[in-house]
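>>> A structural model of the following input is requested.
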Amino acid sequence: MKKKKSQRKLTPAFFIFVVLGWGGYWFSPYLLDSTKPVLKVEGLVDQGTYNGKINVDIIATDPTHRSTGLRLVTAKLDQEVPIKLKKRKRFSKFYTNRPPKPFIIDTKNLDEGFHSIIVIATDKSRNRNQNQIQYTFFVDNQQLKIHTLPDPIRVTQGHTSAVFIKTSELVTKVKANMFGKDYECYPVKLNTIQGHLNRLLIGVNVQENTGIHPIKILVTDQMDRSVEKTFFAKVSKTKFTHGGYIKLSPEKQKVMMDKSKTREDNAKRWKAYEQAQKTESQLWQGLFIRPTSGALTSAFGKYREYNTGVKRHHLGTDIANQVGTAIYAGNSGIITLVDNLHVYGQTVIINHGQGVSTSYNHLSKIKVKVGNQVKKGEEIGLMGATGQVTGPHLHWGMVVNGTAVDAEQWTDQNFSYDEETIGK
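All right, here's what the predicted structure looks like:
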């Protein structure tokens with residue numbers, strides 16, 4: 001009978017080979033790993049503004065090898081000692097994925113202003129590979145305070161009033177609502193101890209009801225939070241001059257009573273005036289000038305009667321002189337209308353920005369074009385007697401945020417700022 005072959009015995013060398021192979025599998029990544037952990041931070045935006053508590057979700061991952069994985073994840077706020085973040089229990093069985101619990105920053109314990117946080121993830125490899133993320137954020141826990149200058153607010157029929165909105169901190173947007181209209185308010189660039197200022201220009205209708213009117217101020221801060229506060233303004237009555245009977249020729253009467261042409265004229269004019277409400281820059285500088293020489297024959301607001309039976313306030317300033325007298329821009333701006341209108345004759349409208357426009361009517365010649373930039377005192381045309389008139393003159397008008405106001409007021413009062421109101 002044949003003898004069975006004896007089974008081979010496992011030698012010590014084989015065991016040594018297995019142990020070395022197993023050890024190499026596990027420990028070579030420890031020695032050779034040069035890959036940084038993957039680090040992700042949620043709930044915080046660099047350069048963002050925050051208040052209250054911030055839940056910062058920090059997720060750290062080291063997918064290189066089970067034998068290395070994450071060793072440590074820390075978070076350091078400003079110059080404080082780094083805090084070791086604990087891993088979440090549901091990930092405890094994974095050596096390569098250790099998302100720490102949310103790191104809570106209570107901004108109530110921090111000073112107002114800028115702060116920083118540094119998050120560092122370190123793996124277990126011999127190289128101690130690291131990855132870090134640093135964010136800077138702004139803490140704003142103070143309640144936004146809103147005041148007005150002047151206080152109390154007083155406005156007058158047919159006039160312009162500048163109200164300065166003072167806020168305790170820099171804001172991104174200020175809006176107002178008064179007389180059922182929305183107004184944009186624009187920042188005032190002044191070196192003042194009064195705080196951050198935005199200017200509201202209010203044009204008061206000649207027939208506005210007297211008494212107390214609310215002004216709703218809506219402020220948006222740098223965190224996109226909105227704060228609304230209601231103030232009150234007293235509207236005073238203006239004693240406009242009454243009298244004056246204007247006798248138009250049959251042809252002029254026909255012009256005045258043609259409502260369709262009047263509507264067409266007004267549509268063109270208000271489209272031009274709206275350009276100023278869309279212009280955020282202040283284009284005018286200092287006081288306005290009276291745009292021509294001559295006699296002031298009819299002041300703004302004068303209540304007049306025409307031989308057509310129409311009775312109404314005169315919404316402009318009439319300055320009479322000879323045909324051909326030079327007409328100048330009351331202040332710097334952009335030409336938004338050049339047209340020969342049914343009622344107003346040859347007309348120029350200038351956009352001075354931030355809701356302010358002036359109009360120059362009944363000209364005999366126009367020397368500018370739409371889109372031209374003009375400077376204060378620059379010649380724009382010549383006086384004439386075009387449109388609905390009884391003789392040669394300039395009808396000089398001003399509109400502030402959609403309301404006709406007295407332009408002469410702007411030759412005496414500088415609405416860029418008011419030292420008496422907001423301080424020197």
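>>> Which stretches in the stretch 101-250 of the chain count as strands?
103-106, 113-123, 130-139, 146-149, 153-156, 160-167, 171-178, 181-187, 196-203, 211-221, 226-236, 242-246 (DSSP state E, counting those that start in this stretch).
>>> Contacts for stretch 167-178, please.
Stretch 167-178 has contacts (CB atoms under 8 Å, 6 or more residues apart in numbering) with 140, 142, 144-147, 163, 165, 182-185, 195-198, 200, 202, 213-222, 224, 233. Using the backbone N, CA and C atoms, a C-beta is placed for each residue, glycine as well.
>>> circling back: list just the one of the strands of the stretch 101-250 of the chain that sits closest to Glu379.
strand 160-167 (25.8 Å; CB to CB).
>>> who does the closest one pair up with?
strand 146-149 (antiparallel), strand 196-203 (antiparallel) (DSSP bridges).
>>> could I get the ones you listed as a markdown table with mean neighbour count?
As requested, these are exported to a markdown table (neighbours: other CB atoms under 10 Å):
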| stretch | mean neighbour count |
| --- | --- |
| strand 146-149 | 18 |
| strand 196-203 | 22 |
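>>> Just send those strands back as TSV, with distance to Leu287 and mean pLDDT too.
Formatted as TSV, the strands paired with strand 160-167 follow (distance: least, CB to CB, whole Å; pLDDT from 0 to 100):
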stretch	distance to Leu287	mean pLDDT
strand 146-149	21	90
strand 196-203	15	92
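>>> Which of those sits closest to Ile133?
strand 196-203 (33.1 Å).
>>> Identify the residue nearest Trp410 in space, chain neighbours excluded?
Phe288 (4.1 Å; CB to CB, 6 or more residues apart in numbering).
>>> one step back: can you redo the strands paired with strand 160-167 as JSON lines with distance to Met398?
Formatted as JSON lines, the strands paired with strand 160-167 follow (distance: least, CB to CB, whole Å):
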{"stretch": "strand 146-149", "distance to Met398": "23"}
{"stretch": "strand 196-203", "distance to Met398": "8"}
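>>> what about those, which gets the closest to Ala329?
strand 196-203 (19.3 Å).
>>> quick one: the closest one to chain centroid distance?
Mean-position distance between strand 196-203 and its chain equals 13 Å (CA atoms, centre = their mean, to the nearest Å).
>>> same thing with stretch 233-242?
Distance, centroid of stretch 233-242 to centroid of chain: 33 Å (CA atoms, centre = their mean).
>>> So, low pLDDT: which residues of the stretch 201-350 of the chain?
By pLDDT under 70, the low-scoring segments of the stretch 201-350 of the chain are 244-249, 251-258, 304-311.
>>> OK, contacts around Arg328?
One thing to correct before we go on: residue 328 is Tyr, not Arg. Contacts of Tyr328 by CB under 8 Å, 6+ apart are Ile289, Pro291, Thr292, Gly377, Glu378, Glu379, Ile380.
>>> For burial, what's the neighbour tally of the fourth one?
This means Gly377. Counted by other CB atoms under 10 Å, the residues lying close to Gly377 total 12.
>>> same deal with the first one?
Here the count is done by other CB under 10 Å, and Ile289 has 14 residues near it.
>>> just the second one next, same as before
Number of residues near Pro291 (other CB under 10 Å) recorded here: 27.
>>> out of the strands of the stretch 101-250 of the chain, which comes closest to Thr411?
strand 160-167 (11.9 Å).
>>> average pLDDT for that closest one?
Strand 160-167 shows a mean pLDDT of 92.
>>> ok, now stretch 360-376?
Rounded mean pLDDT across stretch 360-376 is 97.
>>> Tabulate the CA atom coordinates of it in CSV.
Extracted in CSV, the C-alpha atoms of stretch 360-376 (Å, rounded to 0.1, in the frame of the first residue of the first chain):
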residue,chain,number,x,y,z
TYR,A,360,-37.6,126.3,-18.0
ASN,A,361,-40.6,127.2,-20.2
HIS,A,362,-41.9,129.4,-23.0
LEU,A,363,-38.4,129.7,-24.5
SER,A,364,-37.7,131.1,-28.0
LYS,A,365,-34.6,129.1,-28.5
ILE,A,366,-33.1,126.0,-26.9
LYS,A,367,-29.3,125.5,-26.8
VAL,A,368,-29.1,122.0,-25.2
LYS,A,369,-30.1,118.5,-25.9
VAL,A,370,-31.4,115.6,-23.9
GLY,A,371,-28.6,113.9,-22.1
ASN,A,372,-26.3,116.9,-21.9
GLN,A,373,-24.6,117.6,-18.6
VAL,A,374,-24.9,121.3,-17.6
LYS,A,375,-23.2,123.3,-14.9
LYS,A,376,-24.8,125.9,-12.7
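>>> got the buried residues for it?
The neighbour-count check on stretch 360-376 (16 or more other CB atoms under 10 Å) flags Tyr360, Asn361, His362, Leu363, Ser364, Ile366, Lys367, Val368, Asn372, Val374, Lys376 as buried.
>>> can you check stretch 206-225 too?
The neighbour-count check on stretch 206-225 (16+ other CB under 10 Å) flags Val206, Glu208, His213, Ile215, Ile217, Leu218, Val219, Asp221 as buried.
>>> Name the nearest of these relative to Asn51.
After measuring the buried residues of stretch 206-225 against Asn51 - CB to CB - the closest member comes out as Asp221, at 10.2 Å.
>>> Is that closest one bridged to anything, and to what?
Where Asp221 sits in a bridge, its partners, by DSSP bridges, are Val171.
>>> So Ala272 lies in a strand, does it not?
No - using DSSP: H, G, I helix; E, B strand; the rest coil, the secondary structure at Ala272 is helix, not a strand.
>>> So for the chain, the centremost residue is which one?
Nearest residue to the geometric centre of the chain (CA atoms, centre = their mean): Lys173, 4.2 Å.
>>> so how far is Ile217 from it?
Using CB to CB, to the nearest Å, we find Lys173 at a distance of 11 Å from Ile217.
>>> Kindly report the same for Ile334.
Taken as CB to CB, the span from Ile334 to Ile217 is 29 Å.
>>> Would you check that Thr74 makes contact with Leu85?
Yes - counting by CB atoms under 8 Å, Leu85 is a contact partner of Thr74 at 6.5 Å.
>>> Looking at those two, which is more packed in?
Leu85 (21 against 18).
>>> so where do the strands sit in the stretch 251-400 of the chain?
295-298, 303-306, 311-313, 317-320, 326-328, 333-341, 345-353, 356-366, 373-374, 379-383, 393-400.
>>> Relative to the longest one, what are the paired strands and their orientations?
Just to be clear, that refers to strand 356-366. In the sheet, strand 356-366 lines up with strand 345-353 (antiparallel), strand 379-383 (antiparallel), strand 393-400 (antiparallel) (DSSP bridges).
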